[in-house]
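**Student:** Below is the sequence, then the predicted model.
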Amino acid sequence: MNSVGAAESGGRRLRYVDVRPYALPGALDELTGPVRGDVTLPRALAWGPRRTFDVGDSDQRRLLYEMVVQEANSATDLAEYLNRGLLAELWPRLTLPQRCRQAWEDRFSELAGRAVA
(Lines give C-alpha, C1' and ligand atoms only; values in the text may rest on other atoms or scores of the structure.)
Protein backbone atom coordinates (compact mmCIF):
# COMPACT_ATOMS: atom_id res chain seq x y z
CA MET A 1 0.00 0.00 0.00
CA ASN A 2 1.20 3.45 -0.84
CA SER A 3 0.14 6.21 1.49
CA VAL A 4 0.86 9.77 2.49
CA GLY A 5 1.97 9.76 6.12
CA ALA A 6 2.62 12.09 9.03
CA ALA A 7 4.47 15.37 8.62
CA GLU A 8 6.89 17.07 11.00
CA SER A 9 5.18 19.42 13.42
CA GLY A 10 7.70 22.27 13.09
CA GLY A 11 6.96 23.26 16.68
CA ARG A 12 3.23 23.70 16.14
CA ARG A 13 0.45 21.48 17.38
CA LEU A 14 -0.39 18.73 14.90
CA ARG A 15 -3.96 18.16 13.86
CA TYR A 16 -5.17 14.83 12.50
CA VAL A 17 -6.20 16.49 9.24
CA ASP A 18 -2.54 17.53 8.79
CA VAL A 19 -1.12 14.01 9.17
CA ARG A 20 -3.90 11.65 8.17
CA PRO A 21 -2.64 8.97 5.77
CA TYR A 22 -4.42 8.36 2.47
CA ALA A 23 -4.23 5.13 0.48
CA LEU A 24 -3.20 5.50 -3.16
CA PRO A 25 -3.21 2.96 -5.96
CA GLY A 26 0.05 2.09 -7.69
CA ALA A 27 -1.55 3.07 -11.01
CA LEU A 28 -4.93 4.37 -12.12
CA ASP A 29 -5.30 1.28 -14.32
CA GLU A 30 -5.70 -0.74 -11.09
CA LEU A 31 -9.08 0.97 -10.52
CA THR A 32 -11.44 -1.56 -12.08
CA GLY A 33 -14.51 -1.10 -9.88
CA PRO A 34 -18.12 -1.18 -11.10
CA VAL A 35 -19.55 1.28 -13.60
CA ARG A 36 -23.21 0.46 -12.88
CA GLY A 37 -25.41 -1.11 -10.25
CA ASP A 38 -25.56 -0.80 -6.49
CA VAL A 39 -22.41 -0.83 -4.38
CA THR A 40 -22.49 -1.50 -0.65
CA LEU A 41 -19.42 -0.31 1.20
CA PRO A 42 -18.11 -2.04 4.31
CA ARG A 43 -18.42 -0.15 7.60
CA ALA A 44 -14.69 0.61 7.53
CA LEU A 45 -15.30 2.84 4.51
CA ALA A 46 -18.83 4.10 5.20
CA TRP A 47 -19.41 4.34 8.92
CA GLY A 48 -22.55 6.48 8.64
CA PRO A 49 -26.11 5.26 8.10
CA ARG A 50 -25.78 5.21 4.30
CA ARG A 51 -23.65 2.39 2.89
CA THR A 52 -25.32 1.49 -0.44
CA PHE A 53 -24.95 3.68 -3.52
CA ASP A 54 -26.31 3.46 -7.07
CA VAL A 55 -23.31 3.99 -9.36
CA GLY A 56 -25.71 5.02 -12.14
CA ASP A 57 -26.94 8.03 -10.16
CA SER A 58 -24.50 10.96 -10.50
CA ASP A 59 -25.03 12.32 -6.97
CA GLN A 60 -24.76 8.91 -5.32
CA ARG A 61 -21.69 8.07 -7.43
CA ARG A 62 -19.98 11.31 -6.34
CA LEU A 63 -20.66 10.55 -2.66
CA LEU A 64 -19.39 6.99 -3.09
CA TYR A 65 -16.16 8.19 -4.70
CA GLU A 66 -15.59 10.88 -2.06
CA MET A 67 -15.96 8.30 0.71
CA VAL A 68 -13.73 5.70 -0.89
CA VAL A 69 -10.95 8.12 -1.87
CA GLN A 70 -10.85 9.52 1.67
CA GLU A 71 -11.50 6.39 3.74
CA ALA A 72 -9.81 3.54 1.82
CA ASN A 73 -7.30 1.63 3.90
CA SER A 74 -5.52 -0.01 0.99
CA ALA A 75 -5.01 -0.03 -2.76
CA THR A 76 -7.26 -3.12 -2.75
CA ASP A 77 -10.17 -1.04 -1.39
CA LEU A 78 -9.58 1.54 -4.10
CA ALA A 79 -9.42 -1.06 -6.88
CA GLU A 80 -12.60 -2.78 -5.72
CA TYR A 81 -14.83 0.29 -5.54
CA LEU A 82 -13.35 2.88 -7.93
CA ASN A 83 -13.24 2.84 -11.71
CA ARG A 84 -10.50 4.75 -13.53
CA GLY A 85 -12.83 6.32 -16.12
CA LEU A 86 -15.45 7.35 -13.59
CA LEU A 87 -12.79 8.75 -11.25
CA ALA A 88 -11.32 10.91 -14.03
CA GLU A 89 -14.80 12.14 -14.96
CA LEU A 90 -15.76 12.91 -11.35
CA TRP A 91 -12.41 14.27 -10.16
CA PRO A 92 -13.16 17.98 -10.78
CA ARG A 93 -16.37 17.75 -8.72
CA LEU A 94 -15.17 15.67 -5.78
CA THR A 95 -15.08 17.47 -2.45
CA LEU A 96 -11.87 16.24 -0.83
CA PRO A 97 -9.48 17.49 1.85
CA GLN A 98 -6.67 19.48 0.22
CA ARG A 99 -3.94 17.03 1.35
CA CYS A 100 -5.90 14.11 -0.09
CA ARG A 101 -6.45 15.83 -3.44
CA GLN A 102 -2.81 16.92 -3.55
CA ALA A 103 -1.54 13.39 -2.84
CA TRP A 104 -3.57 11.98 -5.73
CA GLU A 105 -2.62 14.79 -8.10
CA ASP A 106 1.06 14.54 -7.18
CA ARG A 107 0.99 10.82 -8.02
CA PHE A 108 -1.26 11.07 -11.10
CA SER A 109 -0.53 14.11 -13.24
CA GLU A 110 -3.60 13.41 -15.41
CA LEU A 111 -5.78 14.42 -12.46
CA ALA A 112 -3.80 17.58 -11.61
CA GLY A 113 -5.39 20.88 -12.48
CA ARG A 114 -8.79 19.33 -13.15
CA ALA A 115 -10.42 20.38 -9.89
CA VAL A 116 -13.23 22.92 -10.03
CA ALA A 117 -12.39 26.00 -7.98
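**Tutor:** All right, it came through fine. Residues are numbered from 1 along each chain as shown.

**Student:** What are the buried residues along stretch 47-62?
**Tutor:** 53, 55, 60, 61, 62 (16 or more other C-beta atoms under 10 Å). Using the backbone N, CA and C atoms, a C-beta is placed for each residue, glycine as well.

**Student:** any idea how far residue 31 is from residue 51?
**Tutor:** Distance, residue 31 to residue 51, using C-beta to C-beta, to the nearest Å: 20 Å.

**Student:** Which secondary structure state does the most centrally placed residue in the chain sit in?
**Tutor:** Among the residues of the chain, residue 69 comes closest to the average C-alpha position under C-alpha atoms, centre = their mean, at 1.1 Å. When classified by DSSP: H, G, I helix; E, B strand; the rest coil, residue 69 comes out as helix.

**Student:** so how far is residue 14 from it?
**Tutor:** Taking C-beta to C-beta, one finds residue 69 at 22 Å from residue 14.
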